[in-house]
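Participant: A predicted structure for the sequence below; I have some questions about it.
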Amino acid sequence: MIKKKYFGTDGIRGKVGSHAIHPEFVLRLGWAVGRVLGQHHGKKVLIGKDTRISGYMFESALEAGLIAAGIDVRLLGPMPTPAIAYLTQTFRACAGIVISASHNPYEDNGIKFFDSLGGKLPDEIELAIEAELDKPFDLVSSELLGKASRITDASGRYIEFCKSTISSQTKLNGLKIVVDCANGATYMVAPSVFRELGAEVHIIADKPDGFNINKNCGSTSPERLQKKVLETKADVGIAFDGDGDRVLFVNRHGQVINGDGILYLIAQERIQQQSLNGGVVGTLMTNMGLELKFRDLNVPFVRTKVGDRFVLSALKEKNWKIGGETSGHIVCLDKTTTGDGIIASLQVLSNMIHQQKSLDELMQDIHLFPQVLCNIKTKDSLKLMSNPIFEKEIARHEYALKDRGRMLIRPSGTEPILRILLEGEFEDELLMRKGEIEQAINSIEA
């Protein structure tokens, strides 16, 4: 397999102003995408974005590049990433492009792509785009230039689609919900979805200003949501990330339910309705307790590498429908083509309504092990992992956790961070080990 120069596991991402996340490069990227897709796939591309200040700049750059290659552009404005996947199909576009860095801070941005069916671009297309980037930039003749227009009813179309993923008989009347929009792409559509289904909705972090996306809010910082749920005596809290493809829940007692719990709740209802159709896909980060629960229920379960691309690949390979990540990236292929925070949350709320139970009651039958995650900034993650002193320190902790827990170490694919997962019976012990590992790394890199 040829190594990609720019594309990672989910498009291209980085700090604004870096080589790839720069308007000059993004202009050329739009042109290269147009050149590749326009040859065989069609002449129309959708562009959506989250609420970062740099989104305006990159939207214009992509638009210009695509038009220069003879592609017609349809602008969606701020919309959740999964909405672009859906709308790409409904508008019969050859591709959808999302300008977003997901759960990262506003200083970052990225470009994600969907094919005409709302799925990830195949590797061969990404490699063809990278090859095109190395060629001289030339415009099509004036009569072949593309045109740009704005789609004004995109939000309404997506809202109706989200509502259609649960039974038309299911109403959320009587549910009090707090929704944290992360000052991101869900701020317009998510509250409307829940309100139109009958819920009483309280909203936080729905005032994006270009700089506050994911800042002390959303699925990466649920503390404000936890407090609001308790203050309002809400039945449930729902937190999205900046681009709306991740979600986590807070129960009525203020306790967080992450992607592993959400995956269980969605699978639970499918099992009861005998509509699971196969097994469930998790990742290396998925809680051991979830795996053991599925084993008790005779539900097949497999793990993949971390990343929704790998979850999707495993689901398609096995022809299963449900999978996801601890981070809250949940895929329901029986409902849509990609991870979708709003659609995943509707599946959980539907389960609550059908069983007439609260989230804590629905979670009583599963025991999830304590997990502690260390996100440690490093000078060089790969160099650190091969350091003999670090290797010896990690081996010590792995031996101590043997047979009653586990440790997982991986460098981030998007940031200079080493991620270390500790999982075991006792949280106090895991926190102690986390501190010892951080101290050892500081000593090594001093």
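Facilitator: Received it, and whenever you're ready, just let me know what you need. Numbers count the residues shown, from 1 in each chain.

Participant: how about the helices in the stretch 151-300 of the chain?
Facilitator: Using DSSP state H, counting those that start in this stretch, the helices assigned to the stretch 151-300 of the chain run over residues 154-163, 189-196, 223-232, 259-272, 288-296.

Participant: report the angle between the first one and helix 189-196.
Facilitator: Regarding helix 154-163 and helix 189-196, their directions subtend 50 degrees when assessed with axes from the mean of the first three to the mean of the last three CA atoms, to 10 degrees.

Participant: buried ones in helix 154-163, by neighbour count?
Facilitator: Applying a neighbour-count criterion of 16 or more other CB atoms under 10 Å, the buried positions in helix 154-163 are 154-155, 158-159, 161-163. (Glycine included, C-beta is placed from N, CA and C.)

Participant: which one of those residues is nearest R303?
Facilitator: Closest to R303 out of these is C162 (28.8 Å), distances taken as CB to CB.

Participant: that closest one touches S345, doesn't it?
Facilitator: No. Under the criterion of CB atoms under 8 Å, C162 is not in contact with S345, lying 9.3 Å apart.

Participant: the helices of the stretch 151-300 of the chain: which one's closest to R309?
Facilitator: Among the helices of the stretch 151-300 of the chain, helix 259-272 sits nearest to R309 (CB to CB), with 15.8 Å.

Participant: which of the helices of the stretch 151-300 of the chain sits most buried?
Facilitator: Of the helices of the stretch 151-300 of the chain, the one with the most neighbours on average (mean count of other CB atoms under 10 Å) is helix 259-272, at a mean of 23.

Participant: so what secondary structure elements neighbour it?
Facilitator: Using 3 or more CB pairs under 8 Å, 6 or more residues apart in numbering; DSSP states H and E as the contact criterion, the neighbours of helix 259-272 among helices and strands are strand 247-251, strand 280-283, helix 288-296, strand 322-324, strand 330-332, helix 341-355, helix 359-362.

Participant: give me that answer again for 6 Å
Facilitator: Judged by 3 or more CB pairs under 6 Å, 6 or more residues apart in numbering; DSSP states H and E, helix 259-272 is in contact with strand 322-324, helix 341-355.

Participant: and it, C-alpha only, in CSV?
Facilitator: Provided in CSV are the C-alpha atoms of helix 259-272 (Å, rounded to 0.1, in the frame of the first residue of the first chain):
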residue,chain,number,x,y,z
GLY,A,259,-19.7,5.9,23.6
ASP,A,260,-19.4,2.4,25.1
GLY,A,261,-22.6,2.9,27.2
ILE,A,262,-24.4,4.5,24.2
LEU,A,263,-23.4,1.5,22.0
TYR,A,264,-24.8,-0.9,24.6
LEU,A,265,-28.1,1.1,24.8
ILE,A,266,-28.6,1.1,21.1
ALA,A,267,-27.7,-2.6,20.7
GLN,A,268,-29.9,-3.4,23.7
GLU,A,269,-33.0,-2.2,21.9
ARG,A,270,-32.0,-3.9,18.7
ILE,A,271,-31.6,-7.2,20.6
GLN,A,272,-35.1,-6.9,22.2
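
Participant: and it with helix 288-296, angle?
Facilitator: Taking the same axes, to 10 degrees, one finds that helix 259-272 is oriented at 10 degrees with respect to helix 288-296.

Participant: contacts for helix 259-272?
Facilitator: Residues lying outside helix 259-272 but in contact with it, judged by CB atoms under 6 Å, 6 or more residues apart in numbering, are 276, 280, 286-287, 290, 322, 324-328, 330, 347-348, 351, 362, 366.

Participant: report the buried members of those.
Facilitator: Among these, those classed as buried by neighbour count (16+ other CB under 10 Å) are 276, 280, 286-287, 290, 322, 324-328, 330, 347-348, 351, 362, 366.

Participant: so how far is L312 from T337?
Facilitator: 9 Å (CB to CB, to the nearest Å).
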